[in-house]
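Asker: All I have is the shape, not the residue letters:
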């Protein structure tokens, strides 16, 4: 689950929370960057149904994790930790997204991990849209699609 | 200088080589991921005029660097090294580009480094183009723009 | 909890398992490098009483974790991940140890984390023993000392 | 070339400078952590004869490098960058040394890189000295031994 710490819309935060809940109900560990915004909403949703949440943090201090992170990994690597968030996941769901989210989408596509996008970046080259991200319109669709793609 | 190891067009490779030469003539160290394709073309251009080239490699073996890398740093970090390529640069020029290049563009924008793009990714959200990448049409323009933005 | 994947003695493995159990009973998350040997023994001990285990792996594949790792973080960073194991911990207990363990002891001492040692490295400079590692003689002492030092 | 930024003796600094000079005269790139103390002395020595120096920095800012670093790689990884210093080298010479140096010695031994030590850590387990570090008594011996071991 990747998405921005700041600047997410209420709709994006609501979708992230619902998605966290749906993924946790499916028995999945919800991995994120462990900070606020979309990441916190997803963790809150997962914890609300007793799910397990893993936060891979940019700084060195576990206390920078949001309160719904059950297992925090402080990397001290700054945004280089984005590659570790992607490596820890079987599928990536991007909700909203600023440039950090874009880097996680790119790293997932580069390493062959499925990426599901909800209100996130649109990518093109030479005027041709790139088909790497599976685009969905709701949290329910995002959860179903991610679980389906991760199983393949 | 970021760009793909495989699948670049002849025009992209030619532009990368010219760009490497122009940057080296300006006294700049040319930093890249140190592998083939666009990275090798840029290093070849820089070395052709006696420039210094730094290659930050994904693997553990210095011998995976292209022959025009003067100083090789084998990181053993896989694509997580992309964040280090970006950190080592004052400005990023993307020529062509696959998903790895997209991650470097995103990491540079995330950390406030200027990004110049030549035949590279087009980014949008909600149908609105993102203005983060300064788009140019030639190697000469790319070199001038990158040097100018890096000085600011 | 740091220690070797290979070459541990039966006494070291027994101590690691007891230590994992004692730490988990104290409500602590047991963090390790996630592989076999001493790491696996500690995880087995922790899981035997329902504890939570975090394995920070050197490779990219979660399946390289031992079966008692509950949350696996595949870093793909090789032995550079040793710094992340240390960062994720409030105190480090070294049981036995080869060179990888020595690097973790050193990184913990460098960053001011308490280190408890059981049958592990002895360090000196200019013939003078270094006092950085608190040496203990049993798993029980190691658990008590580590919990005590971590609380400070 | 690994060694402490702070607290080195005048003899250690003098040896580091001589060593940097001797290695550069042999045509070797001098790799270090790029900061002050022993690292700066080695870089100064290497530059005094026109050698090439590579500094792999813990922080994100190239300006933290000492003035004798020709190519700086700011990693932003803190002491996790110690693994990268070791990976970039064919042989490691430790002069003096605090805990960070000890971690570099350990990581080099772990990955099979030769380690030469001058006034550095003494390692033992169970009262038995460890033979991993080749101990020498002068900068000249250190340079000869490191060049010899790196060639093997």
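Answerer: Great, that's in hand. Note that this is a predicted model, so its numbers are computed, not measured.
Asker: how about the residues of chain A that lie near chain B?
Answerer: Proximity of chain A to chain B is assessed by C-beta under 8 Å from any C-beta of the partner chain, with A:77-80, A:82-84, A:87, A:97-100, A:102-103, A:105-107, A:109-111, A:119-127, A:132 identified as the residues in range. C-beta coordinates here come from the backbone N, C-alpha and C atoms, glycine included.
Asker: Just the residues you listed: which are in strands?
Answerer: With strands identified by DSSP state E, the entries of the residues of chain A next to chain B that belong to them are A:121-125.
Asker: May I see these organised as TSV, with distance to chain C, neighbour count and pLDDT added?
Answerer: TSV is the format used below for those (distance: C-beta to the nearest C-beta, whole Å; neighbours: other C-beta atoms under 10 Å in any protein chain shown; pLDDT from 0 to 100):
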residue	distance to chain C	neighbour count	pLDDT
A:121	24	24	97
A:122	29	18	97
A:123	24	22	97
A:124	29	13	97
A:125	27	15	93
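Asker: List just the nearest of these to residue A:52.
Answerer: residue A:121 (28.1 Å; C-beta to C-beta).
Asker: Just list the residues touching the residue lying closest to the closest one once chain neighbours are set aside, thanks.
Answerer: On the basis of C-beta to C-beta, 6 or more residues apart in numbering or on different chains, the spatially nearest residue to residue A:121 that is not a chain neighbour turns out to be residue A:102, at 5.3 Å. By C-beta atoms under 8 Å, 6 or more residues apart in numbering or on different chains, the residues touching residue A:102 are A:121, B:102, B:105-106, B:109-110, B:123.
Asker: And for residue A:131, the neighbour number?
Answerer: Burial of residue A:131, expressed as a neighbour count using other C-beta atoms under 10 Å in any protein chain shown, amounts to 8.
Asker: I meant to write residue A:96 there.
Answerer: Close neighbours of residue A:96, defined as other C-beta under 10 Å, add up to 25.
Asker: Could you tell me the phi and psi values at it?
Answerer: Torsion angles at residue A:96 (phi, psi; degrees, to the nearest 10) stand at phi 60, psi -140.
Asker: what's next to the longest helix along chain A, contact-wise?
Answerer: Selection of the longest helix in chain A by residue count, based on DSSP state H, yields helix A:10-25. Outside helix A:10-25, the residues that touch it by C-beta under 8 Å, 6+ apart are A:1, A:3, A:8, A:30, A:37-39, A:41-53, A:93, A:95-96, A:118-119, A:138-140, A:142-143, A:146-147.
Asker: Filter these down to just the ones in helices.
Answerer: With helices taken from DSSP H, the overlap with the contacts of helix A:10-25 comprises A:37-39, A:41-48, A:139-140, A:142-143, A:146-147.
Asker: so how far is residue A:133 from the residue of chain A most remote from its centre?
Answerer: The outermost residue of chain A, judged against the average C-alpha position, is residue A:126 (28.0 Å), by C-alpha atoms, centre = their mean. Using C-beta to C-beta, to the nearest Å, residue A:126 is found at 18 Å from residue A:133.
Asker: Same question for residue A:33.
Answerer: In this view, residue A:33 and residue A:133 are 18 Å apart by C-beta to C-beta.
Asker: cool, and residue A:104?
Answerer: Distance of residue A:104 to residue A:133, computed by C-beta to C-beta: 11 Å.
Asker: quick one, which of the two is more surrounded?
Answerer: More neighbours surround residue A:104 than the other of residue A:104 and residue A:133, with 29 against 21 (other C-beta under 10 Å).
Asker: Can you list the buried residues in stretch A:20-28?
Answerer: For stretch A:20-28, the neighbour count (16 or more other C-beta atoms under 10 Å in any protein chain shown) marks A:20-24, A:28 as buried.
Asker: again with stretch A:26-44
Answerer: Under the neighbour-count rule (16+ other C-beta under 10 Å), stretch A:26-44 has A:28-44 buried.
Asker: and these near chain C, which?
Answerer: With C-beta under 8 Å from any C-beta as the criterion, the buried residues of stretch A:26-44 include residue A:29 near chain C.
Asker: Name the residues of chain A found near chain D, please.
Answerer: That would be A:60, A:76-78, A:80, which are the residues of chain A within reach of chain D (C-beta under 8 Å from any C-beta).
Asker: Filter those residues down to the buried ones, ChimeraX style.
Answerer: This is how ChimeraX selects the buried members of these, with burial counted by 16+ other C-beta under 10 Å:
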select /A:76,77,78,80
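Asker: got JSON lines for the residues of chain A next to chain D, with pLDDT too?
Answerer: What follows is the residues of chain A next to chain D, written out as JSON lines (pLDDT from 0 to 100):
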{"residue": "A:60", "pLDDT": "95"}
{"residue": "A:76", "pLDDT": "96"}
{"residue": "A:77", "pLDDT": "96"}
{"residue": "A:78", "pLDDT": "95"}
{"residue": "A:80", "pLDDT": "95"}
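Asker: quick one, what contacts residue A:139?
Answerer: With contacts defined as C-beta under 8 Å, 6+ apart, the neighbours of residue A:139 are A:14-16, A:18-19, A:22, A:118.
Asker: residues of the helix or strand where residue A:150 lies that come out buried?
Answerer: Taking DSSP states H and E as the criterion, the element that holds residue A:150 is helix A:139-151. Counting neighbours by 16+ other C-beta under 10 Å, one finds that the buried residues in helix A:139-151 are A:139, A:142-143, A:145-147, A:149-150.
Asker: ok, now stretch A:11-19?
Answerer: Applying 16+ other C-beta under 10 Å to stretch A:11-19 flags A:12-13, A:15-19 as buried.
Asker: Could you pull up the mean pLDDT of that stretch?
Answerer: Rounded to a whole number, the mean pLDDT of stretch A:11-19 is 97.
Asker: Report the distance from that stretch to the chain centre.
Answerer: Its chain's C-alpha centre and that of stretch A:11-19 lie 11 Å apart, by C-alpha atoms, centre = their mean, to the nearest Å.
Asker: do the same with stretch A:7-24
Answerer: Relative to its chain's centre, stretch A:7-24 lies at 10 Å (C-alpha atoms, centre = their mean).
Asker: now swap in stretch A:109-120 and tell me
Answerer: Averaging C-alpha coordinates over stretch A:109-120 and over its chain gives two centres that are 10 Å apart (C-alpha atoms, centre = their mean).
Asker: Let me see the mean pLDDT of that stretch.
Answerer: Averaging pLDDT along stretch A:109-120 yields 96.
Asker: and the end-to-end length of that stretch?
Answerer: 14 Å (C-alpha to C-alpha, to the nearest Å).
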